[in-house]
Structure formats: C-alpha cells, structure tokens
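Participant: Next one to model:
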Amino acid sequence: MLGGLNEEKTMKRAVGTTLIVLFCTCMLWGQGAPQMPKPGPEQQRLQYFVGEWHTAGDMKPSPFGPGGKFTSSDHNMKFGDFFVMLHSDGQGAMGNVKTVAGMGYDSKEKLYSYDEYNTMGVHQVSKGTVSGDTWTWTNDSDFGGKTIKGRFILKELSPKSYTFKYEISDDGNAWTNVMEGKSTKVEEKSAK
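Facilitator: Purely as a prediction, here's the structure:
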C-alpha cells in the first residue's frame, strides 16, 4: 500500500510540473518573439562616415614619429545598423600603413567608441562625443612607460568633407598639435 501512495504522489508531481511548464510556455508564446533592437539617433549619426574618403594631412615631429605629409584612401562601411567599419591605406614619412577600425556608440557610457589596429603594431582605443558638427575623441597612449593623453578633434564642413587635428598632452591641460588634415568624400562613379 505504501508503494502505491508514493507512486501516486510522484504522478501528481509530474502532472503538476508538466502543467506549470505548459502554462509558462503558452505565456511566452503569447508575448511573441523579442523585437530586434533598433538603432537610435547616436548610431544613425555615425552614418556620416560611411563611404569612400580621401585624406591628406601634415604630421609634426612627435613621439608618434617624424613629421611630414601623409595621405590615405579610406573605405568606411556600415556593419549592421549599429557600427561603422573603417579600412584605411595610408602613405607617409614612416612608409605605408594599413588601418582597420570600428566605431560604435556605448549607450551605457553615453560615449562613442573607436577601436583601431594598424600595421605599425598599434592598437588604440578612444572614447568620443559629438556636439553639433564637432567630434572630440580622447585616448591615453603609453610611450616608454609614460602616459600621453591624446585628443582628436574632427569638424564637419559639409556632408562630403571634414577637417581634423590631433593634439597630445602630458597632463591634459596644455595641448600640442601634432597632426592636422582634411578628408573629402570621393564621388561614386555612376554606372553607364
């Protein structure tokens, strides 16, 4: 008799558990599938950089290398609706340099992100803000055990051109300009 009671209790528990699982499953189905996230205005703002760009500038002698003129061809493309991937082929005083970078927006930090890798062995992470037509990106770099603060300021002149400068500082107060230039969007050739 005792064996029959235990079997009956086990069956009731199994039926109860099954009913709870079915109820929860039906509730989830009733809610529908979760919606895909949609880009906000911050991610849409990044679309400014999408396209083919030609960059020309001047580098001053600094911890980053010798001074001189530089140019690059930049191919920037959307990566889904939230990011922009940048591919750059540049030439300057230090030779040819290839760069791959990603730009996005961190909604928790309320900051833009820029994560770059180049063929000179440099990995640079910057955080940015935009106010009107001016983007400001900041980073810290280690040169021989010393931290140097960097500030990249980009000013949109039109939908097809912007100027930029890069400044460095030992303390974040006095800034020295080490690079400046201009980027122009290359007109896409129409198919004939």
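Participant: Specify the beta-bridge partners of the closest residue in space to Ala93 that isn't next to it in sequence.
Facilitator: Spatial nearest neighbour of Ala93, chain neighbours left out: Gly68 (3.3 Å); criterion: Cβ to Cβ, 6 or more residues apart in numbering. (Each C-beta comes from the backbone N, C-alpha and C, glycine too.) Assessed by DSSP bridges, Gly68 has beta-bridge partners Met59.
Participant: I'd say Lys127 and Ser113 touch.
Facilitator: Yes - Lys127 is within contact range of Ser113, at 6.3 Å (criterion: Cβ atoms under 8 Å).
Participant: Would you state the strands of the chain in chain order?
Facilitator: For the chain, the strands defined by DSSP state E occupy 51-59, 68-79, 83-92, 95-106, 111-118, 123-131, 134-143, 146-158, 161-169, 176-185.
Participant: picking that back up, residues in contact with the residue nearest to Ala93?
Facilitator: Shown in contact with Gly68 (Cβ atoms under 8 Å, 6 or more residues apart in numbering): 58-59, 92-93.
Participant: Could you dump the strands of the chain into CSV and include mean pLDDT?
Facilitator: Below are these laid out as CSV (pLDDT from 0 to 100):
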stretch, mean pLDDT
strand 51-59, 97
strand 68-79, 96
strand 83-92, 96
strand 95-106, 96
strand 111-118, 97
strand 123-131, 96
strand 134-143, 92
strand 146-158, 95
strand 161-169, 96
strand 176-185, 96
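Participant: And the ones you listed: which comes nearest Arg45?
Facilitator: Smallest distance to Arg45 across these (Cβ to Cβ): 6.3 Å, for strand 123-131.
Participant: how many other residues sit next to Pro61?
Facilitator: Residues near Pro61, counting by other Cβ atoms under 10 Å, number 11.
Participant: Can you give me the neighbour number for the nearest residue to it once chain neighbours are set aside?
Facilitator: Excluding its sequence neighbours, the residue lying closest to Pro61 (Cβ to Cβ, 6+ apart) is Gly67, at 4.2 Å. Neighbours of Gly67 under the rule other Cβ under 10 Å: 15.
Participant: switch to numbering from 51
Facilitator: Noted, 51 is the first residue going forward, which turns the last one into Gly117.
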